[in-house]
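Colleague: Fold the following, please.
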Amino acid sequence: LENGKFQLISSQKEDFNTHYELLWIELHSLYESDLLNSMLNSMRRIVETYIKFNKINLENFYKDKEEHKKLFDVNSHSIDDHSMETIGKDKDTLIAMFKEVFETNNAIEHFGTYWK
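Modeller: Take a look at the predicted model:
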């Protein structure tokens, strides 16, 4: 309600987004800008939120995915500069790996809902 009247929402940008949805929107923006280290940080925050909400143990989420865990969890906490060269991955590879951890946790539909 605005001044006692309903306000029509005419676009997604005007709609209310949850913090979790905003993390995915942020990830899209960082992807488009080729900001790899920041992408890793957003991915870590998405995973943290997802596993906390779904009561999944972090070790179980990354089961048999040690490289993924290192990229999305360990590296994103570092203060070092992680350029594309030091990460050794490009943005498409990072997204493919991110998708893979959701896929191995039977959450590919969830991933697809937010990564369009």
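
Colleague: show me where the chain has helices.
Modeller: 19-32, 36-54, 58-61, 66-69, 75-77, 84-87, 91-103, 108-114 (DSSP state H).

Colleague: among these, which gets the worst mean confidence?
Modeller: Lowest mean pLDDT of the helices of the chain: helix 75-77, a mean of 50.

Colleague: And the helices of the chain: which comes nearest residue 10?
Modeller: Taking C-beta to C-beta, helix 19-32 is the member of the helices of the chain nearest to residue 10, at 18.0 Å. C-beta coordinates here come from the backbone N, C-alpha and C atoms, glycine included.

Colleague: Just the CA atoms of that closest one, as PDB, please.
Modeller: The C-alpha atoms that make up helix 19-32 are tabulated as PDB, following Å, rounded to 0.1, in the frame of the first residue of the first chain:
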ATOM      1  CA  HIS A  19      18.000 -11.700   0.600                       C
ATOM      2  CA  TYR A  20      18.700 -15.200  -1.000                       C
ATOM      3  CA  GLU A  21      17.200 -14.100  -4.300                       C
ATOM      4  CA  LEU A  22      19.300 -11.000  -4.200                       C
ATOM      5  CA  LEU A  23      22.400 -13.100  -3.800                       C
ATOM      6  CA  TRP A  24      21.600 -14.900  -7.100                       C
ATOM      7  CA  ILE A  25      20.900 -11.500  -8.800                       C
ATOM      8  CA  GLU A  26      24.300 -10.300  -7.500                       C
ATOM      9  CA  LEU A  27      25.900 -13.500  -8.900                       C
ATOM     10  CA  HIS A  28      24.400 -12.800 -12.300                       C
ATOM     11  CA  SER A  29      25.700  -9.200 -12.300                       C
ATOM     12  CA  LEU A  30      29.200 -10.300 -11.200                       C
ATOM     13  CA  TYR A  31      29.200 -13.000 -13.900                       C
ATOM     14  CA  GLU A  32      28.300 -10.400 -16.600                       C
END
